[in-house]
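1. Quick one, structure for this:
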Amino acid sequence: MDEVRHRDREGTRRRILDAACRLFAELGYEQVTMRLISAEADANIALINRYFGTKRELFAEVLAAQGRFPGVLEVPEEELPRRLAEYVADKLRSNQGGPVLTALTRSPGCPEIHEIIKDRVRSAILEPMAARLPGPDALLRATAATALITGAGTLRQLYGSGALDSPDREAVVERLTRVFEACFAP
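-> Predicted structure coming up:
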C-alpha cells in the first residue's frame, strides 16, 4: 500500500511539474494561476501547495527541473566554443521556447521571479562555464558568452524559429564558434 501511495505521489508531483512547465512556457509567469495549474495537472490545489508551496516556489522547481545546461558544458575544453555554437544555432531554429525565456519576455516587470531567474542563469550557465575556463578573468569571459546565449534566446522568443534567415546551419555554427572563441580568449 505504501508503494502505491509513493508512486501516486511521485506521479502527481510529475503531473504538476509538467503542467506548470507547459503553462509557464505558454503564458508566462504572471498569467499562470494555481487554479490553472491544478486544472491542467488534474490535481487538487492543496496538493500543489503541499508539494511545492507558493507559485513562486513551484516556478523555481520548474526551472531546477530543466537541468544544468544539459550536455553542453560536458565536452573537452577545445570543443566548448563549437558545442555552444551548435546549441545556440539549434535553439534559434527550434519551435520550442523554455519557461525561463518565456517568463522573462512575457513578464518583464515581475520582480517576483527576477531573482529566481538570475540565480538560475548564474548556477546553470555562468558559474559552471566560468569554472571550465582557464586563466584570468574567467567570470568576465563566461559573462560575455552567457550574454550571447541569453541574447540568442531572447531573439528566438521575439522572432520565433525564423530568427535566422540562413538555411545553412553549418555556416551559422561556424560564425558562432568564432564568436564564442573570442568570448573565451584570455
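2. How far away from the center of its chain is the helix ranked longest in the chain?
-> Taking DSSP state H as the criterion, the chain has its longest helix at helix 2-27. Distance, stretch centre to chain centre, for helix 2-27: 19 Å (Cα atoms, centre = their mean, to the nearest Å).
3. Whatever helix or strand residue 159 lives in - contacts with which helices or strands?
-> Of the helices and strands defined by DSSP states H and E, residue 159 is found in helix 138-159. Applying 3 or more Cβ pairs under 8 Å, 6 or more residues apart in numbering; DSSP states H and E, we find helix 138-159 packed against helix 80-93, helix 99-106, helix 127-132, helix 169-184. Glycine gets a C-beta too; all of them are placed from N, C-alpha and C.
4. Flag every buried residue along that helix.
-> Buried residues in helix 138-159, defined by neighbour count with 16 or more other Cβ atoms under 10 Å: 138, 141-146, 148-150, 152-153, 155-157.
5. That one vs helix 80-93, what angle?
-> Per axes from the mean of the first three to the mean of the last three Cα atoms, to 10 degrees, the angle that helix 138-159 makes with helix 80-93 is 20 degrees.
6. wait, what's in contact with residue 136?
-> Counting by Cβ atoms under 8 Å, 6 or more residues apart in numbering, residue 136 touches residue 186.
7. do you know how far it is from residue 185?
-> According to Cβ to Cβ, to the nearest Å, residue 136 stands 12 Å off from residue 185.
8. do the same with residue 137
-> From residue 137 to residue 185 the distance is 10 Å (Cβ to Cβ).
9. Ok, residue 59 next?
-> 36 Å.
10. now residue 23
-> 41 Å.
11. hmm, back to that, format the helices and strands packed on helix 138-159 as a markdown table; extra columns: mean pLDDT, distance to residue 71 and mean neighbour count.
-> Listed next are the helices and strands packed on helix 138-159 as a markdown table, based on pLDDT from 0 to 100; distance: least, Cβ to Cβ, whole Å; neighbours: other Cβ atoms under 10 Å:
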| stretch | mean pLDDT | distance to residue 71 | mean neighbour count |
| --- | --- | --- | --- |
| helix 80-93 | 89 | 8 | 20 |
| helix 99-106 | 62 | 17 | 21 |
| helix 127-132 | 92 | 12 | 17 |
| helix 169-184 | 94 | 16 | 16 |
